[in-house]
Structures are given as C-alpha cells and as structure tokens.
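Participant: structure of the sequence below:
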Amino acid sequence: MLPLKRRALLAALPFATLGARAARAQQQKPLAFGTAAEGGSFMVYALAFVDAMRTVDPNLEIKGVSTKGTMENAPKLEAGELDIAMVSGEVAHELFDGVGRSPTKLKIVVAMYSTPGMFAVRADSRYRSISDLKGRPIVWNEKGSGIAIQASYMMSGLGLDLDKDFQPIYLTNRADGAAMVLDGRAVALWGGGLRWPGFIEMANSVPGVRFVVPNAEEIKTILAKHSFLRQVTTPAGLYRGQYDALKTVGTWSYILARDGLDDEVGYRIASDLYKIERAGSLSRLLVESTMKNTLASLPGTDVLQPGVMRFYKEKGLLP
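Facilitator: Down below sits the predicted model:
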C-alpha cells in the first residue's frame, strides 16, 4: 500500500504524469487514465496499476485523471476525453449489451478484478441474512455508482428493490459509509471488491465486522435472473476476523479503452502487463489482472481492444 500522503496527492491533483522527460519524444502525449475518487477500491487499484506499469515501462506516460468513478468514466471515454478508464462490470454489461441505448464502441484492455458483492455489519449485531436486513437502513454508496448498480442487480434477482424494501442511504462521500454503520446510523454497508476500503475500516474497528452474503439458493436465484453475473468467492482471511471463504455473486471490473485508441498503445499495455505477470510481480491488488482472467471474463472476443487482441494471438491465447 502506498503512503497516505502520496495516495491523497494523486487523488487530489488533476493529473499525475509518469515517466521520464526524455521519453516525451517517444510518446506524443500522456494517456489520460480515468480513475475515481478516494474511498473506493478503484483509486487503490489505480495507484497500484500505475506504479506497476512504471516499473516495466518508464517511458509510457500515464496521466491519472481523478473522476467520480464508473458513471463519469464511461461517458468521458465515449466522448474521447479519456484514453483508458476503470469501469465496473455491471456498467460494462449495460454498455456492451446496449441496455437502454446503442451498444458501445469501447473496448476491454484488461480485467481488473472480480467484485464480490457483500453486506458488512457490525460483528456484534444480530443481522446474519439478507432477509434480516429488509426494512433496515442500508448504505448503498453513491446513487448511480457502479457498486450501487451491482446491488440493484443482485437484490432484483431476489425480487427486492433498493429503495422500497430497505431504508436506502446514498452517500456524497464514500468514505462516510463505514462510520455510519459503526455509529448506528445504518445497520449495513454494501460494498464489493477484494479489499473494499469501507470493509477494511470496519474490520479494523473495535466492534469488528461480519459479512452477509446470499445463501446457496439465493445465489442460484440471482444467477438465473441475471446471467451476466457470476458466482465469486472472497478468500478466507482477506479481512481481519473473516476466517471463512465467502461465496457470493459479482462481476469483473475492467479497464476500458476509448474507440480509436492507437492499437500500438493497446499492444504495449498488454505486453507490459504480461511482463509483470511473468515476473511474478503482480501485487495483491493486481493479482487478478491476468490474461487468463481477462479472456475468461469477456462477454465476447469482439470487445477486446484490437492491439490487446493482437498480443494475445501472438502468445497463442486466441486463434
């Protein structure tokens, strides 16, 4: 994990340019990389991604653009204001399938990580199932955010509505979510990802944390209604006090590229990530960002960025 001052600096600045000045002659302009705001797993991942890329390719300049996350990244990519950006799996599904709109021309660069959807409650609370949480105040994070959209899909798979069947709390500052559960203003925090910051805060608190996930029958019901969702597992010991692996439902988040991104840039990013993977240098935050996981999570090879696709073909992973 990077020092707090550095993380805050990257989040606060409109951009952070990586790479040696001498490299500017080799790259016309830095890649504009849409990230997110502090308080979510996207920003943590973004910092790790940029650092890892710099270690193998210091001449590739990346400009980290702080955004509101998925719901700002997707339209900015389509408008050509960003070159690459992080987008949650639920939103990526809607983009590629053309839910309520025409299918997008954006392309996948790499799968970031699986996003297990879970509720976190105080360890000393009585809430142990989703049915226990009905009618209770739940923090869904920012309204319209990728993680709230994930919650909407999962709950609708059980015939539940975020606003009608629970007392919804939508945040303006994602970092407030854990505190609201810990001080009793809410009974549960919804989150996703393998190191969700709000979950870490709750796990490290005096009361501690307990996670609530759908049971086996609920998982089957959700997957039957939303086939793009996947059963995913949160490994044991990922959070303090979490001794068992937790099976739940989720999606894969992606780094997407704008339409028309230079194929050589896509090829270069894929090559750099391959070098990191082969060297065994994928950090805990990047460990799922592999070629195998990217291919396994694709809705179809036609959504793969052409330069990335060429690299995969050269490595014999695609015909």
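Participant: what's the nearest residue to L318 if we skip its chain neighbours?
Facilitator: Counting by Cβ to Cβ, 6 or more residues apart in numbering, Y312 is the residue found nearest to L318 once chain neighbours are left out, at 4.7 Å. The C-beta positions use only the backbone N, C-alpha and C, and glycine is treated the same way.
Participant: got the contact list for that neighbour?
Facilitator: 270, 291, 295, 304, 318 (Cβ atoms under 8 Å, 6 or more residues apart in numbering).
Participant: check for me that it belongs to a helix.
Facilitator: Yes: counting by DSSP: H, G, I helix; E, B strand; the rest coil, one finds Y312 located in a helix.
Participant: pLDDT wise, what is it at?
Facilitator: According to the prediction, Y312 has pLDDT 98.
Participant: L238: which of the contacts of Y312 is nearest?
Facilitator: M291 (23.6 Å; Cβ to Cβ).
Participant: now do the contacts for the closest one.
Facilitator: 270, 273-274, 277, 312, 315, 317.
Participant: cool, and P306?
Facilitator: Contact analysis of P306 by Cβ under 8 Å, 6+ apart lists 107, 263, 266.
Participant: longest strand in the chain, by residue count?
Facilitator: In the chain, ranked by residue count with DSSP state E as the criterion, the top strand is strand 246-257.
Participant: mind listing what's buried in the very next helix or strand once past that one?
Facilitator: Next in sequence after strand 246-257, counting helices and strands by DSSP states H and E, comes helix 263-278. Going by neighbour count (16 or more other Cβ atoms under 10 Å), the buried part of helix 263-278 is 263, 265-274, 276-277.
Participant: can you put the residues you listed in a markdown table and add distance to R185 and pLDDT?
Facilitator: Listed next are those as a markdown table, based on distance: Cβ to Cβ, whole Å; pLDDT from 0 to 100:
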| residue | distance to R185 | pLDDT |
| --- | --- | --- |
| D263 | 50 | 97 |
| V265 | 46 | 97 |
| G266 | 45 | 98 |
| Y267 | 49 | 98 |
| R268 | 47 | 97 |
| I269 | 42 | 98 |
| A270 | 45 | 98 |
| S271 | 48 | 97 |
| D272 | 44 | 97 |
| L273 | 41 | 96 |
| Y274 | 46 | 96 |
| I276 | 42 | 95 |
| E277 | 43 | 94 |
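Participant: and the contacts of P306, which is closest to D51?
Facilitator: The closest of those, once distances to D51 are taken by Cβ to Cβ, is G266, at 20.4 Å.
Participant: center of the chain - which residue?
Facilitator: Nearest to the geometric centre of the chain sits S253, at 4.5 Å (Cα atoms, centre = their mean).
Participant: is it bridged to anything, and to what?
Facilitator: Beta bridges link S253 to Y113 when assigned by DSSP bridges.
Participant: pretty sure F33 contacts E81?
Facilitator: No: between F33 and E81 there is no contact under Cβ atoms under 8 Å: 11.7 Å.
Participant: and the two? Which one has more around it.
Facilitator: Higher neighbour count among F33 and E81: F33, with 24 against 16, using other Cβ atoms under 10 Å.
Participant: the more buried one: what's it in contact with?
Facilitator: By Cβ under 8 Å, 6+ apart, the neighbours of F33 are 46, 50, 62-65, 82-85.
Participant: can you check L295 too?
Facilitator: For L295, the contact set (Cβ under 8 Å, 6+ apart) comprises 312, 317-318.
Participant: quick one, phi/psi of it?
Facilitator: With angles defined as degrees, to the nearest 10, L295 sits at phi -70, psi -40.
Participant: quick one: it from V110, how far?
Facilitator: 10 Å (Cβ to Cβ, to the nearest Å).
Participant: same question, L194
Facilitator: Counting by Cβ to Cβ, the gap from L194 to V110 is 16 Å.
Participant: so for the two, which residue has more residues nearby?
Facilitator: Ranked by neighbour count (other Cβ under 10 Å), L194 and V110 place V110 first, with 25 against 22.
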